[in-house]
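>>> All I have is the shape, not the residue letters:
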Ligand SMILES: [Zn+2]
């Protein structure tokens with residue numbers, strides 16, 4: 001099994017996913033990539049193989065968008081705040097699914 005990590009791209013580029021081969025645009029900034037060769041991994045493959053990291057990346061992107069909006073307005077739009085709350089919930093749920101169940105008692 002290929003281990004995925006969060007990598008950082010200086011600039012956006014059109015590339016293929018190193019797992020499924022589909023064409024995708026790798027945006028500038030943090031993105032999922034293979035740990036061995038730093039090959040770009042698309043969102044679908046990331047969610048399938050490493051759901052916690054994929055959810056964490058989406059949470060970071062949502063927080064970044066809301067943060068940028070907050071620089072220009074008193075309060076970000078409700079839709080943006082709901083998107084951030086949804087990303088946070090997805091991250092929380094992804095973490096729970098990957099955590100082994102605790103034994104009672
Ligand atoms: Zn893929």
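Nice, I can see it. Given the structure is predicted, the values throughout are model-derived calculations rather than measurements.
>>> what's the residue lying closest to residue 33 once chain neighbours are set aside in contact with, if anything?
Distance criterion C-beta to C-beta, 6 or more residues apart in numbering; nearest residue to residue 33, sequence neighbours excluded, is residue 7 at 3.9 Å. C-beta here means a position set from N, CA and C on the backbone, and glycine is covered the same way. Applying C-beta atoms under 8 Å, 6 or more residues apart in numbering to residue 7 gives the contacts 30, 31, 32, 33, 38.
>>> what is the mean pLDDT for the helix or strand harbouring residue 7?
Using DSSP states H and E, residue 7 sits within strand 4-9. Per-region confidence: strand 4-9 scores 93 on mean pLDDT.
>>> Could you please name the strands that strand pairs with and the direction of each pair?
strand 29-34 (antiparallel) (DSSP bridges).
>>> Return the set of buried residues in the strand it pairs with.
Within strand 29-34, the residues scored as buried using 16 or more other C-beta atoms under 10 Å are 30, 31, 32, 33, 34.
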